[in-house]
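Visitor: below is the sequence, then the predicted model.
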Amino acid sequence: MFDTELIKDMDLQDASPESICAIVAKMFNARQTEVALMEVGGSVLKFLFPAELKKAGAIPLSSSSVAARTARGKRADLFNTFTRVKHSSVFEVVKIGEAGSDTDVIQKLMSAPVFSESGEVIGVIQVSRKAQHPSQAGPDFTADDLHKLESVAVSIGRAMAKGKK
């Protein structure tokens, strides 16, 4: 299993959203289609990854979506029964990866804010477990997993901030 030290030690300055999300996927034994990276742009969250969601639209920060709540509340959260959580499913119907191959729905989700060095939320990173049924979605996320995601989000924040300079 990948350790959070791996991403901390990497020079992410020139890392693409795709490569960052590939590393995060490996850390949590997730498929790359189960990781999303968004950045705050004005009053919305814009998808940086996956590419298919870039074209699908943006998430208003004022919405009830988990990503918007993560950004507004400035705190990480996990949901091991995500289908019971009130959320907008509009982005879940977008086919990601090979045409038609990703018909699973999000069963479990972790969401963490990405901060600038000044403590401003500049994005959100999410890791999910998708399947047709909860029993097929793999292990529950743990408090340790959420802590790892928060640690990774710090490194991602540095990378995103450097990319804007």
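Guide: Thanks, I have the structure now.

Visitor: how much space separates the spatially most central residue of the chain from Leu37?
Guide: The residue lying closest to the centre of the chain (Cα atoms, centre = their mean) is Gln126, at 1.9 Å. For Gln126, the distance to Leu37 (Cβ to Cβ, to the nearest Å) stands at 8 Å. Every residue, glycine included, has its C-beta placed from N, CA and C.

Visitor: do the same with Ala153
Guide: From Ala153 across to Leu37, the span is 10 Å (Cβ to Cβ).

Visitor: show me where this structure has its helices.
Guide: Assigned by DSSP state H, the helices in the chain fall at 4-9, 17-27, 51-54, 66-73, 143-164.

Visitor: re earlier: list the residues that contact both of Ala153 and Leu37?
Guide: Contact with both Ala153 and Leu37 is made by residues 114, 125, according to Cβ atoms under 8 Å, 6 or more residues apart in numbering.

Visitor: check contacts around Asp145.
Guide: By Cβ under 8 Å, 6+ apart, the residues touching Asp145 are 28, 78, 110.

Visitor: wait, isn't the first one in contact with Val127?
Guide: Yes - Phe28 is in contact with Val127 according to Cβ atoms under 8 Å; the separation is 5.0 Å.
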